[in-house]
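Q: Sequence below, structure please.
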Amino acid sequence: MKKTKEQIIEDLKLIDIVVIVLDARAPKASVNPDIEEYIKNKSKIIVLNKADLANSEVTKKWIETYKKEGITALEIESNMGKGINKLIEEIKLQYEEIKEKYIKKGRIGKLARVMILGIPNVGKSTLINALAKRNTAKVGNKPGVTKQKQWVKISENIELMDTPGMLWPKLDDKEGAINLAFIGTIGDNAIDNEEIAYYLLDYLIKNYPKKLEERYKINIDNKETIQVMEDIARSRGAIISGGDINMQKVSDIIINEFRSGKLGRITVEIPR
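A: So this is what the prediction gives:
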């Protein structure tokens, strides 16, 4: 982490605009709080990525919240390329002001240089590929697959720098850590899936009960979380010999169907 931080701070000397990529389902948890220290007075754009998996109404509230703070935030669906043109236009718009400073110094024709920053598994590489319209950055399902820095030209006057390392999230906040586990930022090998599935199901019961009922064809009125989990297990055949619940299997079902969007568009953090 120390080496990554030092490299990013060094690279930022070459950068005009920073694009901070967050997961639209958990914008607060998916930002590294040290980013502000790194970028200081650089122009910045917030990308709420994976917007197709998030509650669109809540995403709009997050955009308004950032706007009140004087920050431009855009909802993006990198895998479908939706919102990419808006991002490019916003980069050009912000660079117009920066360019004037270069012109006054006699530096004409300089490209806008942009850095993409984000914690693992927020879709950085997919965003870069969408911007460049070709497969320039290695993409995978596991956190941290981007290994080395590269420049990508995304238009005649914009160059984009991918970062060599990842800014790992701070896990001091238990609620934030749980939300990151929900969306898959924390590797599954580092957490107890049954515990995470229980917390996730408890949140969904309180905030998205109808989606659960529609997906699993169950009734959750006045039921405890563990009872709902058992109902889902029976609905999906997650039963072991003797008729007991297969907790590992039903936990995997709940987590995977949330992450893949099969439960619908769900956000686990609401702006306050």
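
Q: so where is the stretch 1-150 of the chain shaky, pLDDT-wise?
A: Residue ranges of the stretch 1-150 of the chain with pLDDT under 70: 1, 109, 134-150.

Q: at 90 instead, please
A: For the stretch 1-150 of the chain, applying pLDDT under 90 flags the ranges 1-14, 32-41, 96-111, 118-121, 124-125, 128-129, 131-150.

Q: Quick one: the strands in it, in order.
A: Per DSSP state E, counting those that start in this stretch, the stretch 1-150 of the chain has strands spanning 17-23, 43-49, 72-75, 112-117, 150-155. These are given in chain order.

Q: what about these, which gets the closest to Ile240?
A: For Ile240, the closest of the strands of the stretch 1-150 of the chain is strand 17-23, at 34.0 Å, according to Cβ to Cβ. C-beta: built from backbone N, CA, C; applies to glycine.

Q: returning to what we had before: I'd like to know which of the strands of the stretch 1-150 of the chain is closest to Ser260.
A: strand 17-23 (14.0 Å).

Q: how about JSON lines for the strands of the stretch 1-150 of the chain, with distance to Ile8 added?
A: Shown next, in JSON lines, are the strands of the stretch 1-150 of the chain (distance: least, Cβ to Cβ, whole Å):
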{"stretch": "strand 17-23", "distance to Ile8": "10"}
{"stretch": "strand 43-49", "distance to Ile8": "14"}
{"stretch": "strand 72-75", "distance to Ile8": "21"}
{"stretch": "strand 112-117", "distance to Ile8": "7"}
{"stretch": "strand 150-155", "distance to Ile8": "14"}
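
Q: Now mean neighbour count too, for these, in JSON lines please.
A: JSON lines is the format used below for these (neighbours: other Cβ atoms under 10 Å):
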{"stretch": "strand 17-23", "mean neighbour count": "24"}
{"stretch": "strand 43-49", "mean neighbour count": "24"}
{"stretch": "strand 72-75", "mean neighbour count": "20"}
{"stretch": "strand 112-117", "mean neighbour count": "22"}
{"stretch": "strand 150-155", "mean neighbour count": "15"}
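
Q: Lys92: which of the ones you listed is closest?
A: From the strands of the stretch 1-150 of the chain, taking Cβ to Cβ, the stretch that ends up closest is strand 112-117, at 7.3 Å.

Q: now that closest one and strand 17-23, what's the angle there?
A: 30 degrees (axes from the mean of the first three to the mean of the last three Cα atoms, to 10 degrees).

Q: Kindly tell me how buried the nearest residue to Leu53 once chain neighbours are set aside is, as a neighbour count.
A: Leaving aside its sequence neighbours, Leu53 sits nearest to Gly261 (Cβ to Cβ, 6 or more residues apart in numbering; 4.7 Å). Counted by other Cβ atoms under 10 Å, the residues lying close to Gly261 total 14.

Q: any idea how far Gly261 is from Thr267?
A: Gly261 is 12 Å from Thr267, where distance means Cβ to Cβ, to the nearest Å.
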